[in-house]
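**Q** fold the following and give me the result.
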Amino acid sequence: MSDQQALTAEEHLSRAKELLGLPHTVAICGSTRFMAEMNEADVRETVAGRIVVKQGCDMKSPHELWSDPGRAEELKARLDDLHRAKIRLADEVLVVGDHIGDSTRSEIAYARSLGKPVRFTHPEADPGS
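**A** Numbers count the residues shown, from 1 in each chain. Below you'll find the predicted structure:
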């Protein structure tokens, strides 16, 4: 068996990012109540030379795409899956805000289960500390 075959999917991804010369990637997580703070973190991380992935929408704000409750529930599940994919893609996670709800707690646990470093804008909010 060659070294190439022995690599995990994560190791293949890391190696591909290196070969492509891609900058460090940060997944921003947090409650949607901190959308303004997440946008500010996005700017700061981008200016620091990092690729940023984060939630693309706030389903607590009114929008025609999730105005129907049945469709909204299905959309939320798809968006949660998409955000987990962003966490898998990222080199690290930045948690924004001083409140950690169930969804964010789950994202932190998921990132840590993958061995991703997790930073906090408010380290005292770290549920693992």
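**Q** what are the buried residues along the lengthiest helix in the chain?
**A** Secondary structure of the chain per DSSP state H: the longest helix is helix 69-89. Of all the residues in helix 69-89, those buried under the rule 16 or more other CB atoms under 10 Å are 83-84, 86-87. Where you see a C-beta, it was placed from the backbone N, CA and C, and this is true even at glycine.
**Q** ok, stretch 116-123 next?
**A** Along stretch 116-123, these residues count as buried under the neighbour rule (16+ other CB under 10 Å): 116, 118, 120-121.
**Q** same check, this time on stretch 24-34
**A** Taking 16+ other CB under 10 Å as the neighbour-count basis, stretch 24-34 is seen to contain the buried residues 25-32, 34.
**Q** can you list contacts of that stretch?
**A** The set of residues external to stretch 24-34 that reach it, using CB atoms under 8 Å, 6 or more residues apart in numbering, is 17, 37-38, 41-42, 45, 49-55, 58-61, 83, 86-87, 89-97, 99-101, 103-104, 107-108, 111, 116.
**Q** from those residues, list the buried ones, please.
**A** Neighbour counting with 16+ other CB under 10 Å marks 17, 37-38, 41-42, 45, 50-55, 83, 86-87, 90-91, 93-97, 100, 103-104, 107-108, 111, 116 as buried within the contacts of stretch 24-34.
**Q** just give the closest residue to the spatially most central residue of the chain, not the sequence neighbours.
**A** Among the residues of the chain, the one closest to the centroid is Ala27, at 3.4 Å (CA atoms, centre = their mean). Nearest in space to Ala27, with sequence neighbours left out and distances taken as CB to CB, 6 or more residues apart in numbering, is Ala90 at 3.6 Å.
**Q** would you say Leu94 is within a strand?
**A** Yes: with DSSP: H, G, I helix; E, B strand; the rest coil as the criterion, Leu94 is part of a strand.
**Q** what separation is there between it and Thr121?
**A** With distances taken as CB to CB, to the nearest Å, Leu94 is found 7 Å from Thr121.
**Q** cheers, nothing more for now.
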